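> I would like to see how this sequence folds:
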Amino acid sequence: MANPPDLTLPDVIPEMRQYHDQPEDFLPFALYTLCELDDKTLERYRQRCASRCDDDTVKLPPKARFVGETLRQIVASHVQLGREGNFDPIYLLVCVYADSDLVLVVTLDDHDLECRPGQLWTSMERSGLMLQSLNIWNTDWFAAKENSLAAPSQPENEGGDVETAPDTRRSVINDSPDGATDNENDQQDQDYGTPPPLGFHIQVYTTPDVEQDSLIEQMEPGSSYKKADRSDWGCKAHRLTNSAKQDSIMNAARIHPYRCLKHPTLEKKYFIVADEANYADEGVAIVHLDWNGRTERMSADELHELGGRLDYQVQRAEVPDNASRAVVATVCMLAQGYEKWQPKVKQFAIYYPNASDADIKLADAIDPKWVKRGHGQERVALGGSMQGDEIESGGGFWPAFIRRHVAYCKRQRFVPAFVRPYFIHCGVEEPSAESEVQVIKLDWDGDLRLADVLAEQYRSKTSVVKTSASTAYGLLTDVVNGKVEWQGVTIS
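Okay, the predicted model is just below:
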């Protein structure tokens, strides 16, 4: 019988102290293997680990295979890898047994910030989402340990079936029934309890036509392995009145200070309003309420009056099926100061030829640091390449190109930094910093319903400046910020 793998960890990893005062970034998590896996199987396991997230949430590091070695050797390698800034330095995944559906989740620094490593078992399908939830402190390491699965039996043990723990996903409880008013009913007024490790709960106001249970379950990172009674959830739902449907955001702003008095663990300045039944397409509103968050020595009437006269700002945000761009993560980053309400950087779509790696090369030429940019800091967005049949059916290059851009703007409609009227096109199959690109402006207010109008009137609506790839982003940023005037030439 083969020797069992050595899964022991060092007592402490002092190198983790350097990350204690650094804002968490959304870097990919590394997947290693201690068992013999062919390339195809290892890639399939990687995809399973990222199946509930963006595909690039879990990646294979430069050295992923440690067959016949120990977990300590993986840790030593990962500490060095973390310094390079391309992978998350704290969390990693390890395939231990080739035929198991479970993966080992390893932290090099538990949430006590004492540089103590730890490990737990979970299914491949849950692993990526679990790490994202840990990374934004929506859950802590000790809560994750409580929901971990039993270690698999070694395949060599005769008759040793792999142990499994029951699925911790349970039915969802309705927090508040339809028609509840802002005078909380018993369920809405229940104590929110201890907040998650990030330090606060997030209030989610919903209108009566929104499927509240489904929304909250979808928004809450790692909901599948949290408690069914939602006592450890970061998102807390409150249904608005029927009469408030038309002015739901205004009504939520009015009652929010009072609800912060009733529930002191709520985040005071940021909350979410789900005001569209079709939130998958229309998104939800993140609201920034301009006040100091103090409720001491104020009555309910005074707090409602205060909420009615406070200024607020609104951004629409996406409710995707994964956590990396989740609206909850955005609120957490805003509330903790890691992300700005008005992003400092601008993001522009780039388009490129249908050639191998043309997208990567153009992005690198325009922004050499693009691959390392964190969430909300991306300067370029990969808009795609034009295909021959697309151009032919679209009435020529420019009409088809404009329709393509407007369609891509719809995909990016929840990205605050994305600038719709300006974009970049390069026709060079192997672009470099010196390659000529077209910086393009559409005479357009951003209305996504005007694709056909813009395509038909493209000659009068489109102007171009030719420049090098390395200067294109700086030029567009200066134009959008009003530092220089647009000098584009209308296309003929």
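
> C-alpha only now, for contacts and for neighbours.
Noted.

> Need the three-state assignment for Lys466.
Secondary structure, DSSP: H, G, I helix; E, B strand; the rest coil: Lys466 is strand.

> did I read that right, Lys441 in a strand?
Yes. Assignment of Lys441 by three-state DSSP places it within a strand.

> Do I have it right that it meets Pro421?
Yes. Using CA atoms under 8 Å, Lys441 is in contact with Pro421, at 5.6 Å.

> Pull the distance from the helix or strand containing Ser77 to the chain's centre.
Secondary-structure assignment from DSSP states H and E places Ser77 in helix 71-83. Mean-position distance between helix 71-83 and its chain equals 26 Å (CA atoms, centre = their mean, to the nearest Å).

> So which residues make contact with that helix?
With contact meaning CA atoms under 8 Å, 6 or more residues apart in numbering, helix 71-83 is reached by 6-10, 15, 32, 34, 66, 87-90, 108.

> buried residues in that helix?
Within helix 71-83, the residues scored as buried using 16 or more other CA atoms under 10 Å are 71, 74-75, 78-79, 81-82.

> ok so, going back, give me the subset of the contacts of helix 71-83 lying in strands.
Secondary structure from DSSP state E places Tyr32 of the contacts of helix 71-83 in strands.

> With pLDDT, neighbour count and distance to Ala355 as added columns, please give the contacts of helix 71-83 in a markdown table.
As requested, those are exported to a markdown table (pLDDT from 0 to 100; neighbours: other CA atoms under 10 Å; distance: CA to CA, whole Å):
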| residue | pLDDT | neighbour count | distance to Ala355 |
| --- | --- | --- | --- |
| Asp6 | 93 | 14 | 46 |
| Leu7 | 95 | 13 | 45 |
| Thr8 | 94 | 11 | 47 |
| Leu9 | 95 | 19 | 46 |
| Pro10 | 93 | 13 | 47 |
| Glu15 | 91 | 15 | 42 |
| Tyr32 | 98 | 27 | 32 |
| Leu34 | 97 | 22 | 37 |
| Phe66 | 97 | 17 | 35 |
| Phe87 | 94 | 24 | 28 |
| Asp88 | 93 | 24 | 31 |
| Pro89 | 94 | 24 | 34 |
| Ile90 | 94 | 22 | 36 |
| Leu108 | 95 | 26 | 41 |
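
> With respect to Leu129, which of the contacts of helix 71-83 is nearest?
Closest approach to Leu129 among the contacts of helix 71-83 (CA to CA): Asp88, at 13.9 Å.

> still on that earlier bit, export the helix holding Ser77 to CSV, keeping only CA atoms.
Written as CSV, here are the backbone C-alpha positions of helix 71-83 (Å, rounded to 0.1, in the frame of the first residue of the first chain):
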residue,chain,number,x,y,z
LEU,A,71,2.2,19.9,1.5
ARG,A,72,5.0,21.9,3.2
GLN,A,73,6.9,22.0,-0.1
ILE,A,74,3.8,23.4,-1.8
VAL,A,75,3.5,26.0,0.9
ALA,A,76,7.1,27.0,0.5
SER,A,77,6.7,27.4,-3.3
HIS,A,78,3.4,29.3,-2.9
VAL,A,79,5.0,31.8,-0.4
GLN,A,80,7.5,32.7,-3.1
LEU,A,81,4.8,32.8,-5.8
GLY,A,82,2.7,35.2,-3.7
ARG,A,83,5.5,37.8,-3.7
